[in-house]
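**Student:** sequence below, structure please.
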Amino acid sequence: MICRRCDTSNPDSSVYCERCGSVLPRRQAVRKKKVLWYIIPACAALLIVCGYFGYKSLVKPRPAEVTRSAESPIEEGAPNILSRQNVPRLLVGEIVVRGKMGEDVSRMPTAVMAGGWVALPVWALLGGENINVRGVNANEIGIERGLWAEGNPVGLWQAETGQEREAPGVSRWEQRLPLEWQPLSTDGVPLEVQIVAPQKRGSVIVFSLPEEIRAAGVFRQKSQIVGWTFGGWTERGYLWAGPAGSDLVPTTRVDQFYNSVLSRCRESYFQQALTVENATAGNRLSALAQGFRLPALLQGVDIPPELRPQAVVAEMHSLASELIQQGSAKEVIQILDDQVLLEAVDPTLVMDSVQAVVKGQDYNRAIQHLERVKRKILEKTGQRLPGLEEFEAQLYKDWLREIIAKGGYFSGMAAFEEARRAFPDDLEIHLLGVQAALAENNRELARELLEMRSYPPPLEERANQLAKRIKELEDQEAVAVRFNTGEESIRVTAYLNGTYMQNFVVDTGTSMTTIPSSAVEALKIRVDESTPVRAVLTASGMGVTYEVTLESIELERLRVNNVKVLIIDLPGFPDYGLLGLDFLNNFRFEIDKKQGILRLKKRGSP
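**Tutor:** Reported below is the predicted structural model:
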């Protein structure tokens with residue numbers, strides 16, 4: 001059958017046009033009669049008249065060109081009616097959601113469907129306690145029951161409005177049929193819509209809307225309503241995939257829905273925390289954190305922007321920073337516990353909790369806290385949160401700087417070893433280790449660490465400054481022993497056991513220091529059968545001598561304790577000993593024969 005309105009071919013059994021929803025004309029059965037000759041001219045005239053009106057029907061506007069009828073003006077407070085030929089008129093009312101104190105939580109226009117059904121997104125009900133529909137003459141009717149199942153971003157709720165018999169009914173979306181979007185406003189025009197990448201969530205099909213559709217409206221097929229748009233911030237369309245028409249049965253009570261579902265979901269806690277007045281920063285942060293301990297009811301783009309985790313985390317970050325600055329770091333530590341951090345899975349909140357531990361306790365415990373949270377998040381999600389590795393490296397650097405500047409109960413070198421194990425390739429941490437060694441007066445280790453690595457231009461200048469500082473400190477403790485440049489030997493004077501002054505010849509080829517027998521007598525060192533004997537090679541050949549231990553040898557300000565020496569009287573130098581490498585190797589030494597200076601610098605020790 002051919003639709004007179006849009007010229008679309010339909011099966012003979014169709015009642016409505018599959019394209020525009022218009023009622024199709026039906027042929028009436030007639031009895032066969034004998035045709036008389038005078039009827040022929042009358043039939044010809046009738047054909048001419050039918051042809052004229054058939055032509056008029058072919059040029060009628062298509063559905064996308066239909067607008068609201070000027071014969072049905074919209075009165076304030078009354079339902080808006082879209083006038084279309086042979087299509088059930090669209091009844092538009094208003095939904096009002098109110099809270100505990102009777103305050104308006106949300107308002108939105110809605111299409112009232114056959115049976116008094118209205119569709120509402122779950123997010124519009126957050127923070128409320130009852131649902132009302134406002135229709136003709138601004139009368140409000142409370143809604144007590146509806147149809148909602150877990151996972152549905154949209155629910156159907158039923159109210160007896162007195163107008164539902166005139167309205168189109170609810171039907172299931174059929175992918176094979178054309179889909180038309182019809183706005184609820186008076187100035188919009190219907191549009192044909194193509195569905196792209198639909199996703200099923202419970203009894204609802206969700207899909208992205210084209211850019212030209214952002215207002216509240218309904219989707220229609222065969223004059224029935226099969227879906228909705230809700231305008232505002234939403235960019236999604238919702239198509240119905242549940243029971244249709246007379247099969248709709250209200251199984252969900254509004255009060256039970258609020259008490260058992262909305263009151264125990266994450267989004268409700270976020271809503272309450274953000275809207276409560278005169279709340280302290282601590283109370284607001286605690287309420288938002290409590291939301292993360294509850295399950296989420298909505299997904300992604302179905303959540304209002306201000307209630308999405310990213311927006312809530314930003315608010316919590318602001319509140320935590322305020323509390324830390326006010327000296328309430330311990331309160332932040334209690335609120336942002338491991339459970340909240342594991343549910344939020346956000347690096348910003350993790351960093352806030354760590355900064356609170358730094359302020360409320362110390363860097364060492366803060367780093368331990370961060371390591372524990374990182375490990376738990378990795379076990380739960382299998383992923384590392386971005387930015388936490390860099391944040392931890394900076395924590396170590398700040399910790400080292402604090403120890404170097406102020407000292408503390410924790411060794412700078414111990415902190416450096418922890419940092420180096422965690423970040424072995426961080427050159428800035430390495431240079432801080434050099435500074436920590438200098439702070440502990442271990443210049444030998446500082447030089448060793450500094451010379452262990454090469455440094456790029458950003459750190460090269462800092463490394464050069466540390467090298468200069470190490471040299472300055474070494475020069476301050478260096479001993480310059482002068483000797484006669486005209487003599488072949490380098491002669492110095494040192495104290496034995498802190499009391500006896502002994503002349504020595506510096507000999508870098510001798511492994512052990514020697515003293516003459518006269519020094520043994522002066523120091524009253526006992527030599528008997530128990531005294532160790534050592535074989536020695538002298539100018540006269542092989543021989544033996546005694547080995548004794550001195551309490552100390554001190555050259556200028558440089559002292560070495562417990563030095564084993566040999567008793568040898570040197571030919572030609574009866575009152576001299578040889579100062580050997582067993583003494584000299586305790587220092588960094590240089591011999592400048594041109595200037596006649598022996599420079600000795602004490603080596604650092606761990």
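**Student:** just the strands in the stretch 101-250 of the chain please.
**Tutor:** Listed in chain order, the strands found in the stretch 101-250 of the chain under DSSP state E, counting those that start in this stretch are 104-112, 117-121, 130-134, 140-143, 145-147, 154-158, 179-183, 191-193, 199-201, 204-208, 216-221, 224-230, 236-240.
**Student:** buried residues in the fourth one, which are they?
**Tutor:** Using 16 or more other C-beta atoms under 10 Å as the burial criterion, the residues of strand 140-143 that qualify are I141, I143. C-beta coordinates here come from the backbone N, C-alpha and C atoms, glycine included.
**Student:** tell me how far stretch 97-112 lies from the chain's centre.
**Tutor:** 35 Å (C-alpha atoms, centre = their mean, to the nearest Å).
**Student:** enumerate the positions of that stretch that are buried.
**Tutor:** Under 16+ other C-beta under 10 Å, the buried positions of stretch 97-112 are V97, R98, V105, S106, M108, P109, T110, A111, V112.
**Student:** how about stretch 133-153?
**Tutor:** V133, R134, G135, I141, I143, R145, G146, L147, W148, N152, P153.
**Student:** surely the first one and L91 touch.
**Tutor:** No: with contact defined as C-beta atoms under 8 Å, V133 and L91 do not form a contacting pair (10.6 Å).
**Student:** so where's the chain shaky on pLDDT?
**Tutor:** For the chain, the stretches with pLDDT under 70 are 1-8, 10-87, 136-138, 161-165, 408, 477, 538-540, 603-606.
**Student:** domain map for it?
**Tutor:** Annotated domains of the chain cover 1-60, 80-257, 265-384, 387-477, 480-602 [automatic domain parsing].
**Student:** tally of neighbours for N586?
**Tutor:** 18 (other C-beta atoms under 10 Å).
**Student:** make that N441, sorry
**Tutor:** Residues near N441, counting by other C-beta under 10 Å: 11.
**Student:** ok, it to M413 distance?
**Tutor:** 11 Å (C-beta to C-beta, to the nearest Å).
**Student:** do R214 as well
**Tutor:** 63 Å.
**Student:** cool, and G300?
**Tutor:** G300 is 50 Å from M413, by C-beta to C-beta.
**Student:** which one of the two is surrounded by more residues?
**Tutor:** M413 (18 against 11).
**Student:** quick check: closest non-adjacent residue to the more buried one.
**Tutor:** A436 (5.3 Å; C-beta to C-beta, 6 or more residues apart in numbering).
**Student:** doesn't the one you found lie inside a helix?
**Tutor:** Yes: membership of A436 in a helix is supported by DSSP: H, G, I helix; E, B strand; the rest coil.
**Student:** contacts only, for it.
**Tutor:** Taking C-beta atoms under 8 Å, 6 or more residues apart in numbering, we find A436 in contact with L400, I403, I404, G412, M413, A415, F416.
**Student:** if I look at it, how far off is P178?
**Tutor:** Taking C-beta to C-beta, one finds A436 at 75 Å from P178.
**Student:** which other residues reach the lengthiest strand in the chain?
**Tutor:** Using DSSP state E to define each element, the chain has its longest strand at strand 541-555. The contact list for strand 541-555 (C-beta under 8 Å, 6+ apart) reads 479, 481, 492, 494-498, 513, 515, 520, 523, 525, 527, 531-537, 559-568, 579, 583, 600.
**Student:** could you point out which element follows the helix or strand hosting V373?
**Tutor:** For V373, the element it lies in under DSSP states H and E is helix 363-381. Moving toward the C-terminus from helix 363-381, the next helix or strand (DSSP H and E) is helix 388-406.
**Student:** now find how far off-centre that following helix is within its chain.
**Tutor:** Distance, centroid of helix 388-406 to centroid of chain: 21 Å (C-alpha atoms, centre = their mean).
**Student:** the helix or strand following that helix: which residues count as buried?
**Tutor:** Beyond helix 388-406 on the C-terminal side, the first helix or strand identified by DSSP H and E is helix 412-422. Buried residues in helix 412-422, counted by 16+ other C-beta under 10 Å: G412, M413, A415, F416, A419, R420, A422.
**Student:** now what about stretch 258-267, what contacts it?
**Tutor:** Stretch 258-267 has contacts (C-beta under 8 Å, 6+ apart) with 122-123, 125-126, 128-129, 268, 291-292, 294-298, 303-304, 307.
**Student:** show me these that map onto helices.
**Tutor:** S268, G291, F292 (DSSP state H).
**Student:** so which of the buried residues of helix 412-422 is the closest to G327?
**Tutor:** A415 (25.6 Å; C-beta to C-beta).
**Student:** list the contacts of the closest one.
**Tutor:** Contacts of A415 by C-beta under 8 Å, 6+ apart are N364, Y396, W399, L400, I403, A436.
**Student:** show me which of these are buried.
**Tutor:** Buried among the contacts of A415 by 16+ other C-beta under 10 Å: N364, Y396, W399, L400, I403, A436.
**Student:** in stretch 515-535, what counts as buried?
**Tutor:** I515, P516, A519, V520, A522, L523, I525.
**Student:** would you format the buried residues of stretch 97-112 as JSON lines with distance to V358 included?
**Tutor:** Formatted as JSON lines, the buried residues of stretch 97-112 follow (distance: C-beta to C-beta, whole Å):
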{"residue": "V97", "distance to V358": "44"}
{"residue": "R98", "distance to V358": "46"}
{"residue": "V105", "distance to V358": "41"}
{"residue": "S106", "distance to V358": "42"}
{"residue": "M108", "distance to V358": "47"}
{"residue": "P109", "distance to V358": "52"}
{"residue": "T110", "distance to V358": "52"}
{"residue": "A111", "distance to V358": "56"}
{"residue": "V112", "distance to V358": "58"}
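**Student:** what is the nearest of these to Q194?
**Tutor:** Q194 has its nearest neighbour among those in A111, at 21.6 Å by C-beta to C-beta.
**Student:** turn the contacts of A415 into JSON lines, including distance to T485.
**Tutor:** Formatted as JSON lines, the contacts of A415 follow (distance: C-beta to C-beta, whole Å):
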{"residue": "N364", "distance to T485": "56"}
{"residue": "Y396", "distance to T485": "52"}
{"residue": "W399", "distance to T485": "52"}
{"residue": "L400", "distance to T485": "47"}
{"residue": "I403", "distance to T485": "47"}
{"residue": "A436", "distance to T485": "42"}
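**Student:** farthest-apart pair in the residues you listed, please.
**Tutor:** N364 and A436 (14.6 Å).
**Student:** for V481, give its distance to T510.
**Tutor:** 17 Å.
**Student:** and what of R172?
**Tutor:** Distance from R172 to T510, by C-beta to C-beta: 105 Å.
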